[in-house]
Structure formats: structure tokens, C-alpha cells
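In: Quick one, what's the 3D model for this:
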Amino acid sequence: MKRSNERSLGDAIGDMVEALGLRQKLDEQAVIAAWEQVTGPMIARHTTSLRLRAGTLRVKVDSAPLRHELGYQRDGIIQLVNERMGRVVITAVVVE
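Out: This next block holds a predicted model:
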């Protein structure tokens, strides 16, 4: 039987991450790590920068046609990334 002050290690680490303000940086790193699986190797190869700030994912690519194409795929990218993360992490995508 758990005492009232006992909790799981996962809960304690989650609370510590929130208290130290590390959640956004960890989310950004997780999105960067998952980018190739979410978008595929061709898009990942042409992606020069990914930044996540306040729910907005900024994607820089080195190809104008790809930039245009990704503009049409914003909603799909949001959905795929959030599914991969298991919760809502991004609410908007800006392709630069």
C-alpha cells in the first residue's frame, strides 16, 4: 500500500521537468529526433533547421518547391507530429 507522500518515479521526474522549465526544450529535441520518421528521408535531407517555440514549429528548407509543398501539408504535419509525441505539442507550422 502506498503512503500518501509516495508517487512513481515517472511522475516525480515529470514534475521536476515542469518545475525547472525544461518541457519545451525536451519537446523540441523529441520533434527533431522524430522529424525523419514523420516526414520521410527526402524532406529531412532538405530541412536545414527546426525550432519549436510556444507550440509553433518553424521549419527551414533549402528548396523553394519543397517549401511550397510543405505549406500545403501543414495540417498533416501537425497531426503526425502530435500523434508521434502522444499529446499536443505543436499547434502551427511555419515553413521558411
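
In: What distance do you get for the residue nearest the centre of the chain to L57?
Out: Centroid-nearest residue in the chain: V31, 3.2 Å away (criterion: Cα atoms, centre = their mean). According to Cβ to Cβ, to the nearest Å, V31 stands 7 Å off from L57. Where you see a C-beta, it was placed from the backbone N, CA and C, and this is true even at glycine.

In: what does S49 give?
Out: Separation of S49 from L57 (Cβ to Cβ) stands at 11 Å.

In: out of those two, which sits in the more crowded spot?
Out: Ranked by neighbour count (other Cβ atoms under 10 Å), S49 and L57 place L57 first, with 24 against 11.

In: quick one: contacts of the biggest helix by length in the chain?
Out: Secondary structure assigned by DSSP state H gives helix 23-39 as the longest helix of the chain. Residues from elsewhere that reach helix 23-39 (Cβ atoms under 8 Å, 6 or more residues apart in numbering): 17, 44, 47, 50-54, 57, 77, 80-81, 84-85, 89-90.

In: Which ones among those lie within strands?
Out: Counted as lying in strands by DSSP state E, out of the contacts of helix 23-39, are 47, 50-53, 57.
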